[in-house]
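Novice: please work out how this folds:
(2 chains)
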Amino acid sequence: MNVTDQQKRYTLDFGTGWAYDPAPESTDHISLKKKYGHFINGKFVEPAEGNYFETINPATEEKLADIAVGSKADVDAAVKAARKAYDKVWSKMPASERGRYIYRIARMIQERAREFAVIESMDGGKPIRESRDVDVPLAAAHFFYYAGWADKLNYAFPGRTPAPLGVAGQIIPWNFPLLMAAWKIAPALATGNTVVLKPAETTPLTCLKLAEIMQEAGLPDGVVNFVTGAGDTGAAIVNHQDINKIAFTGSTAVGKLIQRSIAGSGKKLTLELGGKAANIIFEDAPLDQAVEGIVNGIFFNQGHVCCAGSRLFVQEGVADAVHQKLTDRLETLIVGDPLDKNTDIGAINSKEQLDRINSYIEIGLNEGAAITQSSCSIPSKGYFCRPTLLQNVSQASRVVQEEIFGPVLTIQTFRTPDEVLEKANNTPYGLSGGVWTDKGSKIFRMTSGIDAGVLWANTFNKFDPTSPFGGYKESGMGREGGLHGLLPYLKI
Amino acid sequence: MNKRLEVKKTYKMYIGGAFPRSESERYYSLKDKNGNQIANICRASRKDFRNSVVAARKAQSGWASRTAYNRSQILYRIAEMMEGRASQLAEELVLEGLSSKKAVEEVNEAIDRVVYFAGWCDKFQQIFSTVNPVAGSYFNFSVPKPTGVVSVIMPEKSSLLGLLQLILPAIAGGNSVIVLLPQNNPLAGLTFAEILHTSDMPGGVINILSGFREELLEQFASHMDVNAVIYGGSDTESLKLIQEQASKNVKHVVVETSNNFFDESFKNPYCILDLQEIKTTWHPVGI
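Specialist: As a prediction, the model looks like this:
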């Protein structure tokens, strides 16, 4: 296809006649307290040292609530509650009963789904369409899936008698706050462990609303505890003597720090860390579908996705065509109010993250990258970033090697399958990857050659509670989801 | 008639399918309990270890991409070769201090253990794979894949059976290994390298070093191109050091504290799973 001829055939005009009327999701049914303490032993409690921090709406920079800062004393109280609940209640309870509590939680999330979706978008900046259609339904589905495992564990690992570990300390990130809480809590409870969980400091609200569900579901006190705060609170969990298991999702740098901190402690560890996934487009791929897959791969959730398809590899013969289609598609993406149902790309989660993304774009430009950005307008208030493509980059570029965690896609080309496999695997990460081709044998050649835990062929960024998720190499250890997601919480 | 002057054996290490001495040309002398010289043993350097990692990385993808059936046959071939040299292995275990009876028992059990894991090569995948019923029009399945290059620090006891119990789960699962033999009991392990060399096992898949644990421990755990480390032992300080160093590139750490490798509980596929990555693949179902 000759792209310049094709360009002459039509001009796409997105400036006129394409305006969408605002379609804001209503927030009048949302009730948020002004101030949230920790959730320990079934109750909301004041922090021991009395300190609070603000959680804000990144789309408006307005304060949503004051959140307790977790100190060592708070973490200690939470661990004591979790230990007591483990010894006295949760490990003694018939497994089927444990399962029924988890089913209740799943159902109550479904009942309050819209409320959770709105709060998730307000606190984290993600488009309501995603929180409503992805985060919250998947969180409920996760609890529902693991609820059923509680009394069937003896069938999961042939020849073994699985037993719980005890108290699990869990630390989750800000990109999928409720969903990550579900990924952590559901398998831990189903396998008979109790939980102390710290949500991310910028997105604690849905977790604290989940605490309300734990109360309403009648979950025994202390089985699930939430302590809010930043890195110091997390460190207090990681280093606590009476925790048997640490599960962390977040950056590779912090993951390494955690692995180092618990050396010699005997704590079991699961890490879900960073990624820099290759999304590979072959000449024989269905290009229009592939372009949708590329967009979904990198711009879903503002690119705040550890498994984002952030490195695009296009086979040379279609490189120009794909770039043209992608540039056209970029113009149609709506960036703005996360609560607007038309919005494709919401707010960047925090000022800190926006600065980080912008500094990476700067690094890319200094390394000689050619930049293509959507010409869309962005709100004057709040933290927003235009969807961005970086071309003329090499394997050695920092923007190709390092995780940006934003709506920034690097584009490279390749000629042969072997070449692209070499490039795809040439990072310290190994979380996910994508392949687009119409040829079945080529799909399996590629998916078996990429060293990553999740491979999407002719699709991208799909998730399901039955499907294990997790990475190779510096992307982590252990799996979450599916039968394999039980193992990190069991002695077998 | 004069007693024939025996030809003494030079023990060498096994790296990338070759039998070099240490590049450092260092050695230590191994003595029996009466203080008589048994042999000079190569004292591996950090450079020897790094060379071994290069060999192991180079060999790993080829080993993993062989058919499971082929890997199974090669492991079985190791057992066949061991059977033929069983008496030599037993004599070396006696030199290391075992009674003849115990030595024969250990060799027999070691051979049987190879046959046991040979059988798992093309079966564990079926135990640990799943087809996942995702809520959507996708075919989705998860399979175990080797984690890559594995370094192995052996305990001081059970120099043959322990060696096999620690490396076979890695090898059956398609990984490559670099082993540090027990400092005071390296003989059977070094002879095992010669057995490997005649067993169709590709060079570089199993690399065997002798040397001082204290000197090499940190390197075994910290090397950035090693994906997992197995520590056989129960020294808490060493374990802490290994786990700290392993964090540099998020290595898996597998710990084996037992000294009794005869235990039936070692015969299971879950030790293979310890050195596997679960890989999940999605594809849409449609026309």
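
Novice: how about low-confidence regions in chain A?
Specialist: Scanning chain A for pLDDT under 70 picks out the ranges A:1-18.

Novice: residues contacting the residue of the stretch 351-492 of chain A found nearest chain B?
Specialist: The nearest approach of the stretch 351-492 of chain A to chain B comes at residue A:464, 3.8 Å away (CB to the nearest CB). All C-beta spots, glycine's among them, are computed from the backbone N, C-alpha and C. Residues near residue A:464 by CB atoms under 8 Å, 6 or more residues apart in numbering or on different chains: A:138, A:141, A:481, B:132, B:134-136, B:140.

Novice: export those residues to CSV and tack on secondary structure and distance to residue B:203?
Specialist: Output for the contacts of residue A:464, formatted as CSV (DSSP: H, G, I helix; E, B strand; the rest coil; distance: CB to CB, whole Å):
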residue, secondary structure, distance to residue B:203
A:138, helix, 48
A:141, helix, 49
A:481, coil, 39
B:132, coil, 38
B:134, coil, 42
B:135, coil, 48
B:136, coil, 46
B:140, strand, 38
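
Novice: who wins on neighbours among those?
Specialist: Greatest neighbour count in the contacts of residue A:464, by other CB atoms under 10 Å in any protein chain shown, goes to residue A:481: 27 neighbours.

Novice: one step back: for the residue of the stretch 351-492 of chain A closest to chain B, what are phi and psi?
Specialist: Residue A:464 adopts backbone torsions of phi -160, psi 140, taken as degrees, to the nearest 10.

Novice: what does residue A:311 give?
Specialist: Given degrees, to the nearest 10, the pair of backbone angles that residue A:311 has is phi -120, psi 110.

Novice: kindly report the same for the one 3 residues further on.
Specialist: Residue A:314 has phi and psi values of phi -120, psi 130 when expressed as degrees, to the nearest 10.

Novice: could you look up the SS state of the residue nearest to the spatial centre of chain B?
Specialist: Nearest to the geometric centre of chain B sits residue B:167, at 2.8 Å (CA atoms, centre = their mean). Judged by DSSP: H, G, I helix; E, B strand; the rest coil, the three-state class of residue B:167 is helix.

Novice: for it, what are its contacts?
Specialist: Applying CB under 8 Å, 6+ apart, we find residue B:167 in contact with B:152, B:177, B:179, B:206.

Novice: list the buried residues of stretch B:242-257.
Specialist: Judged by neighbour count (16 or more other CB atoms under 10 Å in any protein chain shown), stretch B:242-257 contains these buried residues: B:242-247, B:249-254, B:256.

Novice: who wins on neighbours among the contacts of residue B:167?
Specialist: residue B:206 (31 neighbours).

Novice: per-residue confidence at it?
Specialist: pLDDT for residue B:206: 98.

Novice: please apply the same query to the one 3 residues further on.
Specialist: Per-residue confidence for residue B:209 comes out at a pLDDT of 98.

Novice: do residue B:33 as well
Specialist: With respect to pLDDT, residue B:33 scores 83.

Novice: all helices for the stretch 1-150 of chain B, in order.
Specialist: B:46-65, B:68-84, B:86-95, B:100-120, B:124-128 (DSSP state H, counting those that start in this stretch).

Novice: close to chain A, is the longest one?
Specialist: Pointing back at helix B:100-120 there. No. Shown here: helix B:100-120 not in contact with chain A (CB under 8 Å from any CB of the partner chain), separated by at least 12.8 Å.

Novice: now the closest residue to residue B:78 other than its chain neighbours: phi and psi?
Specialist: Using CB to CB, 6 or more residues apart in numbering or on different chains and skipping the chain neighbours, the partner closest in space to residue B:78 is residue B:199 (4.5 Å). As for residue B:199, its main-chain torsions (degrees, to the nearest 10) stand at phi -120, psi 20.

Novice: so how far is chain A from residue B:199?
Specialist: Plainly put, residue B:199 is 27 Å away from chain A if you go by CB to the nearest CB, to the nearest Å.
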